[in-house]
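Asks: predicted structure and sequence below. I'll ask about it afterward.
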There are 2 protein chains.
Amino acid sequence: MKPYSKLSKEELEKLKQELQGRFDKIKAQGLKFDMSRGKPSKAQLDLSKGLMDVLPGDADMTSSDGADCRNYGVLDGIAEARKLLADMSEVPERNILIYGNSSLNVMFDTVSRAMTHGIMGNTPWCRLKKVKFLCPVPGYDRHFAITESFGIEMINIPLLETGPDMDMVEKLVHEDEAVKGIWCVPKYANPTGISYSDDTVRRFARLKPAAKDFRIFWDNAYSIHHLYDDKRDVILELLNECIKEGNPDMVFKFISTSKVSFPGSGIAALAASRANLEDAKHYMQFQTIGHDKLNQLRHVRYFKDMQGMYNQMRRHADIIRPKFEKVEEVLEREIGGLGIGTWTKPLGGYFISFDSMEGCAKAIVAKAKEAGLVMTSAGATYPYGKDPRDTNIRIAPTFPTIEELSQATEIFVLSVKLVSIEKLLSK
Amino acid sequence: MKPYSKLSKEELEKLKQELQGRFDKIKAQGLKFDMSRGKPSKAQLDLSKGLMDVLPGDADMTSSDGADCRNYGVLDGIAEARKLLADMSEVPERNILIYGNSSLNVMFDTVSRAMTHGIMGNTPWCRLKKVKFLCPVPGYDRHFAITESFGIEMINIPLLETGPDMDMVEKLVHEDEAVKGIWCVPKYANPTGISYSDDTVRRFARLKPAAKDFRIFWDNAYSIHHLYDDKRDVILELLNECIKEGNPDMVFKFISTSKVSFPGSGIAALAASRANLEDAKHYMQFQTIGHDKLNQLRHVRYFKDMQGMYNQMRRHADIIRPKFEKVEEVLEREIGGLGIGTWTKPLGGYFISFDSMEGCAKAIVAKAKEAGLVMTSAGATYPYGKDPRDTNIRIAPTFPTIEELSQATEIFVLSVKLVSIEKLLSK
């Protein structure tokens, strides 16, 4: 099929009429689909059923380091949970601190702590005139929401195929003492699905920040979340690279089992240098007597080790791979070659990132909503919700069933086509 | 027996020698006891075994409001958990917000939020020159640790038999805009075990604070933690009293199931006016996608309702009542009438509060430690760890077995006697 830009005004008008007819018919069916968030489906949740059965009331609830997991204490997490999440984070046990049920909460707390107490003896950020964060874009809306809520100024950094534009990162981090952090999803990035190249990771590790309390906020949310058995991205482990470069304290790594076991009922951790962890623990001791150790024990009894996690992730992949492929198939079939959109084909993670013609994303999301399809708000993948070119749309294919997904993607492509034609006609 | 103050120097010296001999014999046994923290014993933890069995993998994990508790979402907590903890807090469901595994964490977050974001549109405390909290003393060390860690100035308020000295509270709250909060444990107070009188609660509700964002931090940690069936303290419900007085926004109530089910693996809540809860939720939405709903569901399935909780608390009481009575019996037998200490006989809660002769508490705790008994640090019940008269010692009788407790209390009374004699001899 010809690219839309090669069609005459008349051809576009005719096509528009036909597509609008199809759109109205679907709309009349009153359907409801949700592709807005990276949520596991029911079938994925069922995979972890067994988690609920490994810790019956008469089980031994003693951790390997001798704690009764039903009682107060053990601020850093029980030994076997530290080991499991250290393995998952690819760091030694001494570099891990277990938190509660969500890595987002760990990130929030880490920023909050920097605001009120400062990092490793540095001035609390709330006492500084200006604090800035670098935000590779498109990126994760909840990261940006945290920094925005604390009044931290966010600077867009283009996310390339290899990771953030490191020339820009280096310049800003080296020259501006107000730059205190950068949000990174280094593997199967939310939403583009790209993974950082070795060169990018090494350049991160070699940063010489103007601010002593600059930290890389490394949210490795999709570290083992591959879609395929024999195709996968591999990234360099950043903490070790930082140690090699004499920058052991420059990184906070965040990880959780949210999309391995149950979102909201998993366990999360912070991986960092001992100096950073001691600093975090000093603060945490005022915050809590300890996180939920029974849930830590439950996870270890269920998964046992990384092999247990890998097996679980293969079962997840078997469920979600066909969904990604279905969306990609419909996109390719319906708008391939039309010149009205491009999209990513990630090897893992939870999202497909779609780029429309300039100035069309908001209208496409609104159009899809008319026919009952909820997408992530256009702009959400940028700080302050402002996509400067209004092109990026995040597609989350995991929650709907394949059948729903097929219909939902039809609504989506119809919306893309209609909005693109409007755009071309208005030129 | 004669009060020590009536003994001659010679009698004291002789007594000292005899007591020191007994002390040395016990010390030589190399015993280890811990009466430092309000921790449930193993027998108490066993009471909640069944909690681990009510939510097997094949159970229906859908909340009454239709959420799959295994997935993301439901920021305020599932409906049935809101209902249960609203009942426990004696407020309507609309006034409850469920949090994670610990009410201490809710309190910390509440102070942290006030620091960085401000309360209901007021200036964030971190931008103010001075923030002060009133601290009824003796009180809970972890409360004081939170405010100290945020650099908040703490002012001691004497805790009377009826609650905090309300004349002093009123004066400070009415006159000083820097006074932003007061820490309260209104029922079976930590450590004295007293409960606030109706008049005290009403005077709290009628406060007219100079600061618009003054809040009463009402930690109702022992709301249903009675020791006896037919003797119990009852306190007025503060949120309703505040509403009656036109001060609906003045109170944050904190509650948890930590000492009902499992400490560290329970559920916690904030009870407050809708305006306060909306303010808290606005912040919480950046912090987390939701707390552990499976644990919320587990608690509701297990306890069902308040009657279920009451029954559980009676079983707790059956275990800990004899421990309180054992400590009280040894104290009475060994130092009753000696004029070297007084202690409380609470009807609930987790502590017995002991007051030594002036200037003896630190020495008594140190002495007990020599013989293997760990007590809460003397001074811990005061802000900054400074007990101005050095008299208060918190006794936590729940964790040891009755046999251990008997020996531990013997060590304690020997320590009290020896230190008191030293004190009298040095005069």
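Replies: Noted; the coordinates are in hand.

Asks: C-alpha from now on. contacts and neighbour counts both.
Replies: Will do.

Asks: break chain A down into its domains, please.
Replies: By the assignment in automatic domain parsing, chain A contains the domains A:4-44+A:310-425, A:62-304.

Asks: first-to-last residue distance for the last one?
Replies: Between the opening and closing residues of domain A:62-304 there is a gap of 15 Å (C-alpha to C-alpha, to the nearest Å).

Asks: distance of A:Y283 from A:N276?
Replies: For A:Y283, the distance to A:N276 - C-alpha to C-alpha - is 11 Å.

Asks: ok, A:S356 next?
Replies: Distance, A:S356 to A:N276, by C-alpha to C-alpha: 42 Å.

Asks: equivalent analysis for A:G379, please.
Replies: Here the criterion is C-alpha to C-alpha. By it, A:G379 lies 34 Å from A:N276.

Asks: over to A:G290?
Replies: Distance check for A:G290 against A:N276: by C-alpha to C-alpha, it reads 18 Å.

Asks: go on, A:S89?
Replies: According to C-alpha to C-alpha, A:S89 stands 16 Å off from A:N276.

Asks: of those two, give the one with the bigger neighbour count.
Replies: Just comparing A:S89 and A:N276: by other C-alpha atoms under 10 Å in any protein chain shown the higher neighbour count belongs to A:S89, 26 against 20.

Asks: closest one to B:D165 among the domains of chain A?
Replies: Closest approach to B:D165 among these is made by domain A:62-304 (26.8 Å; C-alpha to C-alpha).

Asks: any residue of that closest one touching chain B?
Replies: Yes: contact of domain A:62-304 with chain B (C-alpha under 8 Å from any C-alpha of the partner chain) involves A:70-73, A:101-102, A:104-105, A:108-109, A:112, A:115-117, A:126-127, A:142, A:145-146, A:149-150, A:262-265, A:283, A:286-295.

Asks: any idea which strand is longest in chain A?
Replies: The residue-count maximum for a strand in chain A (DSSP state E) belongs to strand A:153-160.

Asks: who does it pair up with?
Replies: Pairing partners of strand A:153-160, with direction, according to DSSP bridges: strand A:132-137 (parallel), strand A:163-164 (antiparallel).

Asks: can you lay out these as CSV showing distance to A:E325?
Replies: Output for the strands paired with strand A:153-160, formatted as CSV (distance: least, C-alpha to C-alpha, whole Å):
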stretch, distance to A:E325
strand A:132-137, 25
strand A:163-164, 24
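
Asks: output those strands as JSON lines; include the columns mean pLDDT and mean neighbour count.
Replies: Formatted as JSON lines, these follow (pLDDT from 0 to 100; neighbours: other C-alpha atoms under 10 Å in any protein chain shown):
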{"stretch": "strand A:132-137", "mean pLDDT": "98", "mean neighbour count": "24"}
{"stretch": "strand A:163-164", "mean pLDDT": "98", "mean neighbour count": "24"}
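
Asks: hang on, the earlier thing: tell me which of the residues of domain A:62-304 next to chain B fall in helices.
Replies: A:104-105, A:108-109, A:112, A:115-116, A:142, A:145-146, A:149, A:283, A:286-287, A:293-295 (DSSP state H).

Asks: how about the closest residue to A:P3 other than its chain neighbours, what does it touch?
Replies: Distance criterion C-alpha to C-alpha, 6 or more residues apart in numbering or on different chains; nearest residue to A:P3, sequence neighbours excluded, is A:L338 at 3.9 Å. Contact partners of A:L338, counting by C-alpha atoms under 8 Å, 6 or more residues apart in numbering or on different chains, are A:1-4.

Asks: can you classify A:L338 as helix, strand or coil?
Replies: What DSSP: H, G, I helix; E, B strand; the rest coil gives for A:L338 is coil.

Asks: any chance of the backbone angles for it?
Replies: phi -80, psi -10 (degrees, to the nearest 10).

Asks: distance check, it against B:K427.
Replies: For A:L338 relative to B:K427 (C-alpha to C-alpha), the value is 98 Å.

Asks: cool, and A:W125?
Replies: According to C-alpha to C-alpha, A:W125 and B:K427 sit 52 Å apart.

Asks: kindly report the same for A:M309.
Replies: Separation of A:M309 from B:K427 (C-alpha to C-alpha): 69 Å.

Asks: the two: who's more crowded?
Replies: In this view A:M309 and B:K427 are compared by other C-alpha under 10 Å, and A:M309 has more residues nearby, 20 against 5.

Asks: tell me how many other residues crowd the closest residue to the more buried one other than its chain neighbours.
Replies: Take A:M309 and drop its neighbours on the chain: the residue closest to it by C-alpha to C-alpha, 6+ apart is A:F303, 5.8 Å away. Other residues near A:F303 number 20, with proximity taken as other C-alpha under 10 Å.

Asks: what residues are up against A:A81?
Replies: Listed by C-alpha under 8 Å, 6+ apart, the contact set of A:A81 reads A:98, A:296-297, A:299-300.

Asks: most neighbours among those, please name it.
Replies: Highest neighbour count within the contacts of A:A81: A:I98, with 30 neighbours (other C-alpha under 10 Å).

Asks: from B:A272, how far out is it?
Replies: To B:A272, A:I98 is 30 Å away according to C-alpha to C-alpha.

Asks: that older thread, selecting buried members of the contacts of A:L338 in ChimeraX, what would you type?
Replies: A single ChimeraX command selects the buried members of the contacts of A:L338 (16 or more other C-alpha atoms under 10 Å in any protein chain shown):
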select /A:4
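
Asks: inside strands: which ones of the contacts of A:L338?
Replies: Using DSSP E, no member of these sits in strands.
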